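In: Pasting the sequence and the predicted model now:
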There are 2 protein chains.
Amino acid sequence: MKECQCENCICVNEELAKKVKKKMLDDDILFDIAECFKIFGDSTRIKIIYALKLSELCVNDLAFITNSTPSAISHQLRILKQAKLVKSKKIGKVVYYSLHDNHVIKLFEIGRDHVEEL
Amino acid sequence: MKECQCENCICVNEELAKKVKKKMLDDDILFDIAECFKIFGDSTRIKIIYALKLSELCVNDLAFITNSTPSAISHQLRILKQAKLVKSKKIGKVVYYSLHDNHVIKLFEIGRDHVEEL
DNA sequence: TTAATATATGAATATCTGTTCATATATTAA
DNA sequence: TTAATATATGAACAGATATTCATATATTAA
């Protein structure tokens, strides 16, 4: 086994490892992709997403549907909104949330497929 | 506004909320979907997945490619393997990891698309 | 056998994250 | 105006999680 000259790291297959490392996406992009998946990786948020897939809904009703509290839901909706997964409109004192676009549904469905195929 | 009889929860639109709640997927399934996304929601694991998308690789080389340590990578590979996202084969003292199936790539690509479209 | 290497793993630590609670804001009704 | 309602938000807390470190195991070479 040869030692890599780079960064004190010992490679088993130096040729291949260097080649793959060169082809890697930028850390920033991979980080963003992970961050995107992280948003979907919480059961409260997944429940919200699934509920909004069925209908536009307000905070209180989402709390009822997900067996949670308006406060907890509001916090999670803020995260979902910052990630551009949901959008909102205010009518009177009620704020109605809906999915930002069909891409969100697509991601959800692929995840669901994967889980159901296991 | 009417109060729901169910679980001390106050709904803004009781009819709709009850209807949506009835249509919700089981908590177990939604939990599993969230767990699946959670696996993808870490940048070390996403790097591993992307690297394995390029080539079958062993632990040390993955550590080199991802600028991590063999120990950290080994821990994450265990998680990925338990989630059936990667599989492994041992040749001598080297353990080679690869993606479990194309479904993993599909999920990764959808996530990548989503991030790049924003 | 002993030494070196590749990987795995348990414990400890530090960080991150989700919920709760109290409270603030905005809107509507009385 | 005051009261009630819907939502938002900051702080605190508890629980989860990723990495590090030390060490163990397995395999190969000498």
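Out: Everything's here; your move. Numbers count the residues shown, from 1 in each chain, chains lettered A, B, ... in the order given.

In: Stretch A:18-38 close to DNA strand C?
Out: Yes - counting by Cβ under 7 Å from any atom of the strand, DNA strand C is contacted by stretch A:18-38 at A:Lys38. Any C-beta I mention is one placed from the backbone N, CA and C, and that applies to glycine too.

In: Does at least one residue of that stretch sit close to chain B?
Out: Yes - using Cβ under 8 Å from any Cβ of the partner chain, stretch A:18-38 reaches chain B at A:20-21, A:23-25, A:27, A:29-38.

In: which helices and strands sit right next to the lengthiest helix in chain A?
Out: Using DSSP state H, we find that the single longest helix of chain A is helix A:102-117. The contact analysis (3 or more Cβ pairs under 8 Å, 6 or more residues apart in numbering or on different chains; DSSP states H and E) places helix A:102-117 against helix A:27-40, helix A:43-54, helix B:27-40, helix B:102-117.

In: got the contact list for the residue nearest to A:Asp42 when sequence neighbours are not counted?
Out: In this structure, A:Asp42 finds its nearest non-sequential neighbour in B:Ala34, 5.7 Å apart by Cβ to Cβ, 6 or more residues apart in numbering or on different chains. Residues near B:Ala34 by Cβ atoms under 8 Å, 6 or more residues apart in numbering or on different chains: A:Phe40, A:Gly41, A:Asp42, A:Ser43, A:Arg45, A:Ile46.

In: what's the closest of those to A:Asn102?
Out: Ranked by distance to A:Asn102 (Cβ to Cβ), these are led by A:Phe40 at 15.2 Å.

In: Chain neighbours aside, what residue packs nearest to the closest one?
Out: B:Phe37 (3.7 Å).

In: Most neighbours among the contacts of B:Ala34, which one?
Out: A:Ile46 (27 neighbours; other Cβ atoms under 10 Å in any protein chain shown).

In: measure that one to A:Leu99 for me?
Out: According to Cβ to Cβ, to the nearest Å, A:Ile46 and A:Leu99 sit 13 Å apart.

In: worst-scoring helix or strand of chain A, pLDDT-wise?
Out: Ranked by mean pLDDT, DSSP states H and E, the weakest helix or strand in chain A is helix A:102-117, scoring a mean of 93.

In: who touches that helix?
Out: Outside of helix A:102-117, the residues within contact range by Cβ under 8 Å, 6+ apart are A:40, A:46, A:49-50, A:53, A:85-86, A:99, B:29, B:32-33, B:36-37, B:103, B:106-107, B:110-111, B:113-114, B:117.

In: Got a ChimeraX select line for the buried ones in these?
Out: Buried members of the contacts of helix A:102-117 can be picked out in ChimeraX with the line below, counting by 16 or more other Cβ atoms under 10 Å in any protein chain shown:
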select /A:40,46,49,50,53,85,86,99 /B:32,33,36,37,103,107,110,111,114
